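Asks: Make a model of this:
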Amino acid sequence: MALSKMTVMSKTPGMMDDFRPIMPSLIRLLAGVIVLIVAQSVVLGFPGIAQSIPSTTMTMATVASLSIGLVATVVVLKFGTQLANAVGAGYRSMKNYAPLLGYFFQIAALWILYSATRAVTADFFTSAPWAYPLIFLALAIMPTVRVVVSLVHALEGTNERKQSITRQQF
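Replies: Next comes the predicted model:
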């Protein structure tokens, strides 16, 4: 019979078995980023894309770049944090540092959003050019504080007692 002639695959661990826990989320992230880069290259190559929109200073290329940048921000934020969670769940030695990897993807998503919206918002911030970077700096402080607090708590461990100052200690 044909079933008896099937070869049995080896049960020995291969080189890629170590990466098996993170492969689905890594593939989603890389495929999403590659598809968006190709889409942006194709869309920006259309003839007439550099024409300006009537009664505005923006072009169709600016709007296309903005929309692709917004989608790229969502892709990096969603799949990057999934990758960070998979690394933390799949590798016990990296469990304490998974929030740091998630932080990296949050900051990368903020940078993509900053770059994508710069051309559209340039006209709004001509009188105060310092305000646009300041908005994104304020947005970047929130995940920074959160990741520092979670890393400190993870490195301190849960077995250690936290000291608090009471009135009797004064």
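Asks: which one's the longest helix in this protein?
Replies: helix 60-90 (DSSP state H).
Asks: What mean pLDDT does stretch 44-61 get?
Replies: What stretch 44-61 shows for mean pLDDT is 88.
Asks: how much does the helix or strand hosting residue 38 deviate in direction from helix 60-90?
Replies: Taking DSSP states H and E as the definition, residue 38 sits inside helix 23-43. Going by axes from the mean of the first three to the mean of the last three CA atoms, to 10 degrees, helix 23-43 is angled at 170 degrees with respect to helix 60-90.
Asks: for helix 23-43, the distance to its chain's centre please.
Replies: The chain centroid and the centroid of helix 23-43 are separated by 13 Å under CA atoms, centre = their mean, to the nearest Å.
Asks: what does stretch 19-37 give?
Replies: 12 Å.
Asks: list the buried ones in it?
Replies: Along stretch 19-37, these residues count as buried under the neighbour rule (16 or more other CB atoms under 10 Å): 22, 25-26, 28-29, 32-33, 36. For the C-beta atoms, the positions are set from N, CA and C on the backbone; glycine is no exception.
Asks: try stretch 145-161
Replies: For stretch 145-161, by 16+ other CB under 10 Å, it's 147, 150-151, 154.
Asks: Export only the CA atoms of that stretch, formatted as CSV.
Replies: The C-alpha trace of stretch 145-161 is given here as CSV (Å, rounded to 0.1, in the frame of the first residue of the first chain):
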residue,chain,number,x,y,z
VAL,A,145,7.8,55.1,31.6
ARG,A,146,5.6,52.0,31.4
VAL,A,147,8.5,49.8,30.2
VAL,A,148,11.0,51.2,32.7
VAL,A,149,8.5,50.4,35.5
SER,A,150,7.8,46.9,34.3
LEU,A,151,11.5,46.1,33.8
VAL,A,152,12.3,47.3,37.3
HIS,A,153,9.5,45.3,38.8
ALA,A,154,10.6,42.2,36.7
LEU,A,155,14.2,42.5,37.7
GLU,A,156,13.4,43.1,41.4
GLY,A,157,11.5,39.9,41.5
THR,A,158,8.3,39.1,43.3
ASN,A,159,9.8,37.5,46.4
GLU,A,160,11.4,40.6,47.7
ARG,A,161,9.5,42.7,50.2
